[in-house]
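Asker: Quick check, what structure comes out for this input:
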Amino acid sequence: MTRRRPARRRTRRSRRQQQAEAQLIAVVGAGAVAIALVVSAVHWLLVHWWLLVVVLVLVVLAGVGWFYNRQQQARWEAVRAQGLRYGLPQLDALHHSRFEDAIRDLMRRDGCRDAQRVGGGGDLGADVKATDPFGRHWVIQCKHRRAGVRGSAVGTPDLQVLNGTARQVHGADVAVIVTNGRVSGPAVAFAKQQRLHVVDRQTLGVWAAGSRPLWELLRAVPPPRRSTPLS
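Answerer: Numbering: from 1, shown residues only. A predicted model of the protein is given here:
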């Protein structure tokens with residue numbers, strides 16, 4: 001019995017060696033095939049070098065076209081932003097998320113290049129964030145009312161959410177609530193006490209339909225953080 005066991009071990013080892021050799025042969029064969037294909041491709045390209053030149057020219061032309069289109073798009077966006085106007089009926093008809101987009105675009109029109117919409121679940125009271133040309137950080141909460149002034153009024157609880165997060169969480173210099181509807185009297189009083197800014201339907205109409213930046217329409221806006229040609 002002691003003599004049979006080594007024989008079995010030798011058989012198992014020989015099988016493993018055979019498997020390893022077979023794998024090695026397969027790898028070497030695949031490598032040889034790959035090298036042969038590469039050599040053939042290089043040889044073909046050397047013979048048909050003009051095709052490579054044509055491909056390179058097409059790639060360059062495509063890159064130039066893509067870059068030109070991007071430039072044209074950027075110029076168009078700049079022109080569109082400068083002439084952006086909204087009427088209140090247009091704003092009333094928007095979905096609440098598109099209303100937030102409109103407020104973002106108006107801030108960009110005013111020169112806030114980094115304006116972005118951040119509204120959504122867990123936004124902590126911030127729907128739009130922006131930095132104006134004077135370095136002030138704006139946090140805007142949007143309250144869209146499909147029925148306009150006939151919709152429910154923006155109340156003190158809405159202002160309390162903004163007051164609790166705009167400065168402490170988002171680092172706002174200017175905290176604003178914007179609505180195409182109406183704002184309750186207690187909410188307006190609370191906003192004055194807490195140095196919050198309210199853009200009601202009337203102010204929104206002037207801002208959206210005109211060309212003056214929002215900070216020229218609001219009272220007691222904090223002073224600029226930095227000097228600019230607009231100062």
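Asker: quick one: low-confidence ranges for this structure?
Answerer: Along the chain, segments meeting pLDDT under 70 span 1-13, 69, 71-82, 119-123, 226-231.
Asker: what's the single longest helix in it?
Answerer: helix 4-47 (DSSP state H).
Asker: what does stretch 184-201 rub up against?
Answerer: 88, 148-149, 153-156, 158-160, 162-163, 166, 174-183, 207, 214, 217-221 (C-beta atoms under 8 Å, 6 or more residues apart in numbering). Just so you know, the C-beta spots here come from the backbone N, C-alpha and C atoms, and that holds for glycine as well.
Asker: and with 7 Å instead?
Answerer: By C-beta atoms under 7 Å, 6 or more residues apart in numbering, the residues outside stretch 184-201 that reach it are 88, 148-149, 153-156, 158-159, 162-163, 174-183, 207, 218.
Asker: Which members of the residues you listed are classed as buried?
Answerer: Using 16 or more other C-beta atoms under 10 Å as the burial test, the contacts of stretch 184-201 include 88, 148, 153-154, 156, 158-159, 162-163, 174-183, 207 as buried.
Asker: any idea how the chain splits into domains?
Answerer: 4-80, 86-216 (automatic domain parsing).
Asker: Point out the most buried one among the ones you listed.
Answerer: domain 86-216 (a mean of 18; mean count of other C-beta atoms under 10 Å).
Asker: any chance you could map the strands in this protein?
Answerer: 116-117, 128-131, 137-143, 174-179, 197-199 (DSSP state E).
Asker: Kindly state which of the ones you listed is positioned closest to Val60.
Answerer: Ranking these by distance to Val60, with C-beta to C-beta as the measure, places strand 116-117 first at 34.3 Å.
Asker: and the closest one, what does it pack onto?
Answerer: Here strand 116-117 touches helix 96-109, going by 3 or more C-beta pairs under 7 Å, 6 or more residues apart in numbering; DSSP states H and E.
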